[in-house]
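# Fold the following and give me the result.
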Amino acid sequence: MCKIVVTGANGKLSCKAADRLRSKGTYSIEQLSLRGNWQDYDLTGTYGIVHISGVTPQNAKSESDYKKINSLLTGMLAKKAKLQGVKYFVFISSMAVYGIEQSIRAADGCIYETTKPQPKTEYGKSKLNAEEYLKSLEDADFKVCIIRVPSIYDGEKTEYIDQYKYLADKYPFIPACFKKNYKSFIHSDNLCELIHLAISSNYSGVICPDDGKLSAFDICAAIYPNKLKLRSAGILIALFMKKNPRIVDYYGAIYYSDELTDVFGGRYRVTDPVNAIKEIYEE
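The predicted structure is shown next:
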């Protein structure tokens, strides 16, 4: 069987990715904690590494953690992997490498194939630095797949969706002018399936996935079917409150273009987002 090492011994996403790969029946899966003496772990005979461990803005203790863990530690792991004969390396990066911020003007929030990474946060910079180092190691015997994930959600990780639950509870309508202000996000099931497809096809390059085009209205409507309505009066909000942080957070667009997300013909989307959101809030 093909041996795959998934970094992160206890992380929910790491465990879920490991379980998904085990379920395929073609991989021997081990999970590796990058705390303690992980350098003593022998990677000889390992085909691929799925590197999920890292720090995010939600769990970083200081800004120095980003560089130390997301950049330097990733580099150390990748260098060790290549030296010990690992053939394939999957790196979970982030949409944050682009430095695109949510925008009330939908076109300004769209990320295209031609959009160049220009991270503005230390988190985004650390992910891009790691990507660049990995690319410098790549050759015919060491392939690299970089997955720039948007916000991740599922039944246990609901922070991203919860804000729309609050919005749907508070207001019975969504301004019609924001109907096409899409958001990119991805269910953990779909991300794990994408990792499997990448490994099974030995995919090399950058992948920018999401669950498809959904706006604040679509998300809220999934939470409360038949409750919400579109109101044209929202144009006043767009005109006079377009820079309000709360309005931008709820309605601002930030999404990948279709040309970026249509990798593997969309077959990684095994979980429908509307049904998944409904299930999260079913009473």
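# Can you name the residues that contact Ser53?
7-8, 11, 14, 33-34, 69, 73 (C-beta atoms under 8 Å, 6 or more residues apart in numbering). Yep, even glycine has a C-beta here, placed from its N, CA and C like the rest.
# can we see that at 7 Å?
Listed by C-beta atoms under 7 Å, 6 or more residues apart in numbering, the contact partners of Ser53 are 7-8, 11, 14, 34.
# likewise Lys125?
Pro119.
# Relative to the whole chain's centre, how far out is the longest helix anywhere in the chain?
The longest helix of the chain (DSSP state H) is helix 122-137. Mean-position distance between helix 122-137 and its chain equals 15 Å (C-alpha atoms, centre = their mean, to the nearest Å).
# What about the contacts of Ser53, which are in helices?
Using DSSP H, the contacts of Ser53 in helices are Ser14.
# so can I have JSON lines of the contacts of Ser53 showing distance to Lys120?
Listed next are the contacts of Ser53 as JSON lines, based on distance: C-beta to C-beta, whole Å:
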{"residue": "Thr7", "distance to Lys120": "26"}
{"residue": "Gly8", "distance to Lys120": "27"}
{"residue": "Gly11", "distance to Lys120": "26"}
{"residue": "Ser14", "distance to Lys120": "27"}
{"residue": "Leu34", "distance to Lys120": "27"}
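# ranking the contacts of Ser53 by neighbours, who comes first?
Among the contacts of Ser53, Thr7 has the most neighbours (other C-beta atoms under 10 Å), with 25 neighbours.
# Against Pro150, how distant is Asp222?
Actually, residue 222 is Ala. It isn't Asp. Distance, Ala222 to Pro150, using C-beta to C-beta, to the nearest Å: 17 Å.
# which residues touch the residue lying closest to His187 once chain neighbours are set aside?
The shortest distance from His187 to any non-neighbouring residue, by C-beta to C-beta, 6 or more residues apart in numbering, is to Thr271 (4.6 Å). With contacts defined as C-beta under 7 Å, 6+ apart, the neighbours of Thr271 are 187, 189-190.
# try 10 Å this time
154, 186-193, 211, 279 (C-beta atoms under 10 Å, 6 or more residues apart in numbering).
# Then Met1?
If you count contacts by C-beta under 10 Å, 6+ apart, then Met1 has 25-29, 47 around it.
# what does Lys87 give?
2, 46-49, 81, 140-143, 202.
# switch to 8 Å and redo it
47-48, 141-143.
# If any of those residues are buried, give me the ChimeraX selection for them.
Here is the ChimeraX command that selects only those of the contacts of Lys87 that count as buried (16 or more other C-beta atoms under 10 Å):
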select :47,48,142,143
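# Let me have the contacts of Lys87 in CSV, extended by distance to Pro57.
Listed next are the contacts of Lys87 as CSV, based on distance: C-beta to C-beta, whole Å:
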residue, distance to Pro57
Tyr47, 32
Gly48, 28
Asp141, 35
Phe142, 30
Lys143, 30
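# now, which of the contacts of Lys87 sits nearest Arg20?
Nearest to Arg20 among those: Gly48, at 14.1 Å, using C-beta to C-beta.
# quick one: Thr158 and Ala60, what's the gap?
Taking C-beta to C-beta, one finds Thr158 at 21 Å from Ala60.
# Looking at those two, which is more packed in?
Under the criterion of other C-beta under 10 Å, the comparison of Thr158 against Ala60 puts Ala60 first, with 18 against 14.
# On the pLDDT front, check the residue lying closest to Glu138 once chain neighbours are set aside for me.
Nearest non-adjacent residue to Glu138, counting by C-beta to C-beta, 6+ apart: Val144, 4.7 Å away. In this model, Val144 is scored at 98, pLDDT.
# neighbour-wise, which of the contacts of Met1 leads?
Most surrounded of the contacts of Met1: other C-beta under 10 Å gives Tyr27, at 21 neighbours.
# got a list of what that one touches?
So Tyr27 contacts 1-4, 21, 199 (C-beta under 8 Å, 6+ apart).
# taking these one by one, which sit in helices?
21, 199.
# Among the contacts of Tyr27, which one lies nearest to Thr261?
Ile199 (19.1 Å).
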